[in-house]
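S.K.: Give me coordinates for this.
(one chain, ligands or ions: 1)
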Amino acid sequence: MARILITGSTEGIGHAAASSLLHDGHDVVVHARNDDRAQALRDLVARGASPVLGDLADLDQVRRLGDQAARLGPFDAVIHNAGVIDGAALLPVNVVAPYLLTAAVPAARLIYLSSSMHRGGEADIAGADWAGASKTLSYSDSKLLVTVLMAAVARRRTDLISSAVDPGWVPTRMGGPSASDDLALGHVTQAWLATTHDPSALVSGRYWHHQRVQTPHPAVHDEAFQDELLAALAEYTGVTLAPVRSQRGVRP
Ligand SMILES: NC(=O)c1ccc[n+]([C@@H]2O[C@H](COP(=O)([O-])OP(=O)(O)OC[C@H]3O[C@@H](n4cnc5c(N)ncnc54)[C@H](OP(=O)(O)O)[C@@H]3O)[C@@H](O)[C@H]2O)c1
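M.R.: The predicted structure is shown next:
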């Protein structure tokens, strides 16, 4: 049995991942932004999941969420699933929150939700407003940045396994009714990466789609850009992602 935290488990792919992992007998910590939205976790909590709360668009709440979750850890895996597709919260929710929670919550495996749309992102953070007072970058940019974060974590934290997943275009609230991919597959790769002993999944720094490794945007493995992103996030949050070296994670 693995202990797994999933951010954004009230809806869509995060809720499906939590449901599937509970079905398989795992110990799951689910997450909602506030008490009202926690109502959407009731079915998962009734099946044994533990809830944590915090709005990922609010830096102070993310810090408190990190403390809350750390007390329930260490985790075998954290699935950084929560995301928004537009608006000023794009960078806080899709990039800053995964960064802070990565630093705060001990885990053996980290899985970041990316998107095929990351390929259209620009590797340029010069104008980024990390606080989200206004929208500065696009959804594609934010998904490129969280994929770069995944690779930066793989490089810095060789004590853990860091992976990114494109879940496909699936008909959730975010994906919309026209989405062409199979909803039933949207959570499968993340749940597998969180729990499997398959050697291919234990290699850190990989980008996955439907349990197959794909080559991401070239900026993902650009070490100078990784360092630039980490430095910008450290400066904004005041939290540095300290390097930890061990034999557990294996770089690709
Ligand atoms: N659906 C797709 O086709 C697709 C394709 C590629 C990648 N993805 C990625 O997959 C992940 C899940 O997407 P989805 O389709 O399942 O989206 P969704 O149905 O809209 O669910 C998003 C989840 O994130 C949570 N969330 C958003 N903002 C939050 C905040 N400020 N604080 C706390 N929680 C917040 C939502 O909580 P509330 O319910 O309270 O809003 C919800 O639980 C995202 O990272 C997305 O970018 C999705």
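S.K.: Which stretches in the chain count as helices?
M.R.: With DSSP state H, the ranges of helices along the chain come out as 12-23, 35-38, 42-46, 59-72, 90-91, 97-104, 139-156, 188-195, 223-237.
S.K.: now for the longest one, which elements pack on it?
M.R.: The helices and strands touching helix 139-156, judged by 3 or more Cβ pairs under 8 Å, 6 or more residues apart in numbering; DSSP states H and E, are helix 90-91, helix 97-104, strand 107-113, strand 161-166, helix 223-237. The C-beta positions use only the backbone N, C-alpha and C, and glycine is treated the same way.
S.K.: how about the residues of the stretch 51-200 of the chain that lie near the ligand?
M.R.: Contact residues, the stretch 51-200 of the chain versus the ligand (Cβ under 6 Å from any ligand atom): 55-57, 81-84, 89, 93, 113, 115, 167, 169-170, 172-175, 179.
S.K.: any chance of the helices and strands packed on helix 139-156 in TSV, plus mean neighbour count and mean pLDDT?
M.R.: Shown next, in TSV, are the helices and strands packed on helix 139-156 (neighbours: other Cβ atoms under 10 Å; pLDDT from 0 to 100):
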stretch	mean neighbour count	mean pLDDT
helix 90-91	26	98
helix 97-104	24	98
strand 107-113	25	98
strand 161-166	26	98
helix 223-237	16	98
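S.K.: which one of the ones you listed lies closest to residue 12?
M.R.: When these are compared by Cβ to Cβ, strand 107-113 sits nearest residue 12, at 10.3 Å.
S.K.: ok, residues contacting the closest one?
M.R.: For strand 107-113, the external contacting residues (Cβ atoms under 8 Å, 6 or more residues apart in numbering) are 5, 13, 73-81, 83, 98, 102, 146-147, 149-150, 153, 160-165, 167, 190, 193-194, 248.
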